[in-house]
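K.L.:
One predicted model, sequence on top.
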Amino acid sequence: MHTEHKHYGGEPPFGQSQDAQDAPPAPRAERGDGRDGAAVASRLEKRIYLDSGRYRINLRNYGDGLAEIGWSFASSLRPGKVGRGLSEEREEHERRAVRHAKSRIRQLILAAKADHLLTLTYQENVTDFDRACVDLRKFVRIVKAKRPGWIYIAVPEEQARGAWHWHMAVRGRQDVVLLRSIWRHIVGKGNIDVSPPRGVGKQRTLALVKYLGKYLAKGFAEGNRALNGRRFRASHGILIPCESFALPAAERGNVPGYALERLQEAAGAVGFVWVSEDRIAGWACSWK
């Protein structure tokens, strides 16, 4: 199998898969297919994983050649407490929150097959985030009443002057006149912009993943407390596909290789591959 991109350590693009966040220490694999690390992984398993834990391998196939897979080991043993300072625990918690939020945004956009960017702005300097949230809810409610099948994934952004606006991933061509009239009915003087990202087909969807992920990460980096628990909004009912695999006993020393074969079968390609340096965990996708 030919793997275009490899990466070890750090984080995968667009946020780490939730399936790879809580795995125990494991050796670093040296190739994208994970086979060179098989012997070392096998020895480590005999020493550490003699418990009733299990491997988790989850594939999300979005169609059109877009799929991702995550793998990890879920130990049944209760981990020992590690002495950490409060600041270090807080930083780790924040990193996990960023990874989880970016993963969720990615999954929602890919599952919705969003391909256009809708931006809602105010003319006045609206610095009250609660008001911005109320305005968005009113906007969504009216749009869905007129277009029942309309779906969205929205991320707020605070401008340098303190004003809020919304970036939204939506699907298909939009009725700009209708959307602008609804937004202005709610906020008075304001505007909307609708544009497709560069590229065609799935490239537009991937561009939206990067774009909204960037603003999501910006909100975390700036530490704005107004965003706590309200990092993004999305339509209810967006179904995120997920297929779980049980790892065959013969593949216990080749978890990444087995996962990548499942990804290849589902999407016809393996693009970016991330394998943890210190855990049996990883994530891969079909795009570069």
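P.N.:
In hand now; what should we look at? Numbering: from 1, shown residues only.
K.L.:
which SSE is the residue lying closest to Leu179 once chain neighbours are set aside in?
P.N.:
Sequence neighbours aside, Ile192 is the residue nearest to Leu179 in space, at 5.3 Å (criterion: CB to CB, 6 or more residues apart in numbering). (C-beta placed from N, C-alpha, C; glycine too.) Under DSSP states H and E, the secondary-structure element containing Ile192 is strand 190-195.
K.L.:
buried set for that strand?
P.N.:
The neighbour-count check on strand 190-195 (16 or more other CB atoms under 10 Å) flags 190, 192, 194 as buried.
K.L.:
same question, stretch 197-208
P.N.:
With the criterion 16+ other CB under 10 Å, stretch 197-208 contains buried residues 197, 202, 204-208.
K.L.:
contacting residues around it?
P.N.:
64-66, 109-110, 113-117, 169, 196, 211, 287 (CB atoms under 8 Å, 6 or more residues apart in numbering).
K.L.:
circling back: which one of the buried residues of strand 190-195 is nearest Trp283?
P.N.:
Val194 (31.9 Å; CB to CB).
K.L.:
quick revisit: could you export the buried residues of stretch 197-208 as a markdown table, including secondary structure?
P.N.:
Listed next are those as a markdown table, based on DSSP: H, G, I helix; E, B strand; the rest coil:
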| residue | secondary structure |
| --- | --- |
| Pro197 | coil |
| Lys202 | helix |
| Arg204 | helix |
| Thr205 | helix |
| Leu206 | helix |
| Ala207 | helix |
| Leu208 | helix |
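K.L.:
ranges for the strands of this protein?
P.N.:
All strands of the chain, identified by DSSP state E, fall at 7-8, 54-63, 66-74, 116-122, 152-158, 164-170, 190-195, 233-234, 243-245, 273-275, 281-285.
K.L.:
quick one: which of these has the weakest pLDDT on average?
P.N.:
The minimum mean pLDDT among these belongs to strand 7-8 (a mean of 46).
K.L.:
hmm, back to that, out of the buried residues of stretch 197-208, which is nearest to Phe139?
P.N.:
Leu208 (19.0 Å).
K.L.:
Tell me where the model's unsure across the stretch 101-250 of the chain.
P.N.:
For the stretch 101-250 of the chain, the stretches flagged by pLDDT under 70 are 219-230.
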